[in-house]
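J.: no sequence on this one, just coordinates:
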């Protein structure tokens, strides 16, 4: 008897930002919890592999993390933590330099670890590090949607533009969904977005969408002190309402019927939920593990000269953006 699968379409969203401190992790966490409140199964992947902080924000006692998985000391399933509202969290390591500089073989191990998960997932939220490291660029290119978190500061706008330039020119990412974070009003968020669109329309072939304006809210700090998130602790707070509105909007973002291309390393087995009676057939027919991330993206390991060239492009883009904003 052939295997029977229940196909589950998984939405992969990468949350990133050109500048550190703009609130990427806060956006990732609150969006993930808001989606859980809407009845979705959500897996939050802390992909800031060298400086993880999702577990710190929630006060989780993490005994083992991705570093242990890559060393072969445990499975990915064993390190997954429970978060608010049924959220499932993949914690990264913190303060380990080697985790921020993974080799191609380690990339492949991480990919195979994800493809072995068998729990139901509707949304995979990937919280990246800031900047343009190999892993950040790879996660952005892999996702169906890229959320760019931007604050109304000239350096944040400039860094966001520079990161989008690299992703657009070198990695063919052509659409970005913008979250204006820590704004004093809706008007301020729209004004910041307009500045960003003016730059991208003039110099880049990309499409931007303003999908949320998250207000400055004292309850955000209160939630952090309570080791939780504002959506869970203060559901009626202005920031919580904004995150819930974002989650409802995300529900309407299209999901491909069939996984393919750069998404396969995340969703190869996550999308397959089979009947219990076919378990043995499934084990026998398990597809070969995906290729290493370098092969998937056709970039292998970014060599030193390539990294230097990307850094040069980022610096040029940022300098040009700052000059334009001062006019």
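T.: Perfect, thanks for sending it. Since this is a predicted model, take the numbers as computed values, not measurements. Residues are numbered from 1 along each chain as shown.
J.: where does the nearest residue to residue 204 once chain neighbours are set aside fall, phi/psi-wise?
T.: Closest residue to residue 204 apart from its sequence neighbours, by Cβ to Cβ, 6 or more residues apart in numbering: residue 168 at 5.3 Å. Just so you know, the C-beta spots here come from the backbone N, C-alpha and C atoms, and that holds for glycine as well. The phi/psi pair for residue 168 (degrees, to the nearest 10) reads phi -70, psi -50.
J.: which residues touch residue 168?
T.: 174, 204-206 (Cβ atoms under 8 Å, 6 or more residues apart in numbering).
J.: so can I have a markdown table of these showing secondary structure?
T.: Shown next, in a markdown table, are those (DSSP: H, G, I helix; E, B strand; the rest coil):
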| residue | secondary structure |
| --- | --- |
| 174 | coil |
| 204 | coil |
| 205 | coil |
| 206 | coil |
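J.: Could you identify the most distant pair in those residues?
T.: 174 and 204 (9.0 Å; Cβ to Cβ).
J.: So for the two, which residue has more residues nearby?
T.: Shown here are residue 174 and residue 204; by other Cβ atoms under 10 Å, residue 204 has more neighbours (18 against 13).
J.: ok, that one - contacts?
T.: Per Cβ under 8 Å, 6+ apart, neighbours of residue 204: 161, 164-165, 168-169.
J.: Now the phi/psi pair for it, please.
T.: phi -130, psi 150.
J.: Mind picking out the helix or strand in the chain with the poorest mean pLDDT?
T.: Comparing helices and strands within the chain by mean pLDDT, DSSP states H and E singles out helix 293-297 as the least confident, with a mean of 34.
J.: in which helix or strand would I find residue 89?
T.: strand 88-90 (DSSP states H and E).
J.: could you give the mean pLDDT of that strand?
T.: Strand 88-90 shows a mean pLDDT of 93.
J.: what does stretch 215-223 give?
T.: Rounded mean pLDDT across stretch 215-223 is 96.
J.: just stretch 234-242 next, same as before
T.: Averaging pLDDT along stretch 234-242 yields 97.
J.: buried set for it?
T.: Using 16 or more other Cβ atoms under 10 Å as the test for burial, stretch 234-242 gives 234, 237-242.
J.: Can you report how many residues neighbour residue 197?
T.: 16.
J.: From the contact counts, what lies against the one helix or strand it maps to?
T.: For residue 197, the host element (DSSP H and E) is helix 186-203. Applying 3 or more Cβ pairs under 8 Å, 6 or more residues apart in numbering; DSSP states H and E, we find helix 186-203 packed against strand 145-150, helix 154-171, strand 175-183, strand 207-215, helix 304-325.
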